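> following is a predicted model, sequence given first.
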Amino acid sequence: MYTVIRRTGRRPRRWAGSLAAGILLLAAFLTAPAASAAETPGATFINETFDAQTNPANFGFPVGAAIGNGVLDVTKGMGNYTTSVRPFASSITQEKTLDLRFDWKTAITSTGMKTGLELRDNAGHLVFGLAATAAELRYAVTGPDSDSTSAPDSLNPTWTKISFDRTKWHTVDLHMDFTLQKVQYTITSKEAAPIVLASGTKTITGTNLAKFVACNYYGTGVQSIDNFRLTRPANPAYGSLTGSSVYAFGDSIVWGHKYSRSFMNFLAEREGMTLTKYAVNGATVGPTSNQILTQVQNANSQAPDFVVFDGGTNDAGEIFSNHTYTVGTVSASQDPATFDTGTYAGTLETTIRTMRQKWPSAQLVYVAAHRMGSRDWNTQLALRQVYLQAAQKWGIAVADVFADATLDTRDDAQRVAYTFDNLVNTFPGSGGTGTHPNIAGITDFYVPVLTSALSQLADTTTLKARHSGKCAEAVGSSTTAGTAIEQAGCSGGDDQRWQLHDVGGGYYQILSRHSGLCLDVAGSSTANTAAIVQQTCDGRTSQQWRLSDAGTGYVAIIARHSGKCLDVDRALTTDGARLLQYTCWNDESHTNQHWTVQV
């Protein structure tokens, strides 16, 4: 499986998998502005269960609040149109991406009375609002600005009204992106078989999270709050995916089963991506009448920025239960004549090769589905071995929900909580067979893992020669396999942007952002002066490179197969000088073998 080196700087540094220690060593070589303390990955700011009194008391609400029986009560004994404001710490107001989850219940008993909660920024712009009468739950993302000193009718948010059972607790989930000024929300009943009442993604005017406001709009009605958890997600994209295009292929997990808003939709909504979804329920990788390959063949020929696909869930059934075909093995060659298209492995490679040929500049991401209790376990493991091998061979990133998330529907509680078979109230229900993630499964597991994979792929680096200050690029900005690599004045273009994919053992594939091809030594030669080219990624060791500290912020880039260094021919400083491999000098005199990996 491929992990991808994170950049430092404006976005936090994130390292994936068991190779983290090796990658952290590499971080010293990456040239970028230092990340601020507010931009370190993943943090929990508040995690309050109200089992005891808080500091400050009553969670910081100055009036109308009390903690007892393991919950926080607010709007208690407050007058009409009054508020109680709990400010968030100044460090939280600096955060650009936040996740908030809390449980909420109202004790209001009259349809003529209304109490609620508002989240606002430090200028009074609304981030999210929640309120209730005895008959209606109301929520809002827009409305008048307010300084929160009072809550008259004229300053009420613009409510969306839905029916609800006020005797139940409800869970509110918010993903707040202040870079894009969006909030993604889900409101769900809190019970053994939760029911989604509302879910969507909306634009907001709020630019930070500054205030938590308890509002007694009219009448009397205590609200109870529990399990208040405010975090920075460990994998925010910080707007890096905005405006990018993505094609999605695969089966019902990508399509959404009976709910067309799958994890791909949730992610695209959050990040402002243009999604075209070609996935079909019931599709397989292997040879059936409903192949993912057919989706790819029929798709738009215009290249997207990303191609996301899955496959294997229905194959597991065809292989284990129906014996339609076998798992097979990954070929040692990229020659399609060697692919056994009567197997899962052979058709997977055919599908990947077709994607590569049709959209050579697109970034390919395979989504490894969660561990399922609804499929034979040994078959899942056999398929996993194949798709990981194929991903490494073809230089494809893996959004590995199987390994990097805890969703495992062999556990019956997880199956009930996180999967669905049918819709309830137009939204995915719960208590499914363990295959199709519901909204909780999507937002808790699939979206975070895929966001991480895509945002990592959006990170690219230049390879800048120390002696000349020029950047590596393909001759003529070509996207053709076999094209030589030269140095040229650094332009910032995609033809000079490269991605480092971790292949283990301290080595990386170096992929052109422009062409999707790998930095390679021509013919896998071990000779001095062998040309450096871009070539179809196939996992050969001449496409694997080690970055070795050359001192003073520079690295030597060493080919695995030959042990020789990436070099600029004869230390030329002119545009067009070709890159080659040469015996590593390991000294300060040969700076044409020293590189800045700059993100």
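Great, that's in hand.
> low-scoring stretches of the stretch 401-550 of the chain, by residue?
In the prediction, the stretch 401-550 of the chain carries no residues with pLDDT under 70.
> so where do the helices sit in it?
Here the stretch 401-550 of the chain has its helices, by DSSP state H, counting those that start in this stretch, at 401-404, 412-418, 439-441, 447-458.
> the second one - contacts with which helices or strands?
Using 3 or more C-beta pairs under 8 Å, 6 or more residues apart in numbering; DSSP states H and E as the contact criterion, the secondary-structure elements in contact with helix 412-418 are helix 439-441. All C-beta atoms are positioned from the backbone trio N, CA, C, and that covers glycine.
> ok, the shortest one next?
Secondary structure elements in contact with helix 439-441, counted by 3+ C-beta pairs under 8 Å, 6+ apart, are strand 182-189, helix 412-418.
> any chance of the helices of the stretch 401-550 of the chain in JSON lines with distance to Q357 and mean neighbour count as columns?
Formatted as JSON lines, the helices of the stretch 401-550 of the chain follow (distance: least, C-beta to C-beta, whole Å; neighbours: other C-beta atoms under 10 Å):
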{"stretch": "helix 401-404", "distance to Q357": "27", "mean neighbour count": "21"}
{"stretch": "helix 412-418", "distance to Q357": "37", "mean neighbour count": "18"}
{"stretch": "helix 439-441", "distance to Q357": "34", "mean neighbour count": "24"}
{"stretch": "helix 447-458", "distance to Q357": "20", "mean neighbour count": "24"}
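> G200 is nearest to which of those?
Across the helices of the stretch 401-550 of the chain, G200 has its closest neighbour in helix 439-441 (10.7 Å, C-beta to C-beta).
> could you check how far the closest one is from the centre of its chain?
Distance of helix 439-441 from the chain centroid (C-alpha atoms, centre = their mean, to the nearest Å) equals 15 Å.
> ok, now stretch 66-77?
Its chain's C-alpha centre and that of stretch 66-77 lie 37 Å apart, by C-alpha atoms, centre = their mean.
> got it, and stretch 334-344?
Counting by C-alpha atoms, centre = their mean, stretch 334-344 comes out at 31 Å from the chain centroid.
> which residues sit against it?
285-287, 312, 315, 319, 325-329, 331-332, 345-347, 349-350, 353, 383, 386, 393, 536, 538 (C-beta atoms under 8 Å, 6 or more residues apart in numbering).
> selection in ChimeraX covering whichever of those are buried, please.
Buried subset of the contacts of stretch 334-344, written as a ChimeraX selection, criterion 16 or more other C-beta atoms under 10 Å:
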select :285,286,287,312,315,319,325,326,327,328,331,345,346,347,349,350,353,383,386,393,536,538
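> how about the strands of the stretch 101-250 of the chain, start to end?
Taking DSSP state E, counting those that start in this stretch as the test, the strands found in the stretch 101-250 of the chain are 114-120, 126-132, 136-140, 160-163, 170-177, 182-189, 196-203, 211-218, 223-232, 245-249.
> check contacts around the closest residue to Q543 other than its chain neighbours.
Sequence neighbours aside, C518 is the residue nearest to Q543 in space, at 4.4 Å (criterion: C-beta to C-beta, 6 or more residues apart in numbering). Going by C-beta under 8 Å, 6+ apart, C518 touches 395, 509-512, 534-538, 543.
> and C518, how far is that from A531?
Distance of C518 to A531, given as C-beta to C-beta, to the nearest Å: 14 Å.
> for G563, same thing?
Counting by C-beta to C-beta, the gap from G563 to A531 is 17 Å.
> quick check: the residue nearest to Q543 vs K393, distance?
Distance check for C518 against K393: by C-beta to C-beta, it reads 11 Å.
> now do A368
Look at A368 and K393: by C-beta to C-beta, they are 16 Å apart.
> can you check W255 too?
W255 is 27 Å from K393, by C-beta to C-beta.
> what's around the closest residue to T205 other than its chain neighbours, how many residues?
Computed as C-beta to C-beta, 6+ apart, the closest residue to T205 that is not its neighbour in sequence is H125, at 4.2 Å. By other C-beta atoms under 10 Å, the residues close to H125 number 19.
> confidence score at H125?
Looking at H125, its pLDDT stands at 98.
> pretty sure it is touching T207, no?
Yes: here H125 reaches T207: they are 6.7 Å apart, a contact under C-beta atoms under 8 Å.
> before we move on, which element is Q392 in?
Element membership for Q392, per DSSP states H and E: helix 377-394.
> pull out the buried positions in that helix.
Buried residues in helix 377-394, counted by 16+ other C-beta under 10 Å: 379-380, 382-384, 386-394.
> please name every helix or strand in contact with it.
Where contact means 3+ C-beta pairs under 8 Å, 6+ apart, helix 377-394 is packed against helix 313-317, helix 344-358, strand 363-368, strand 397-400.
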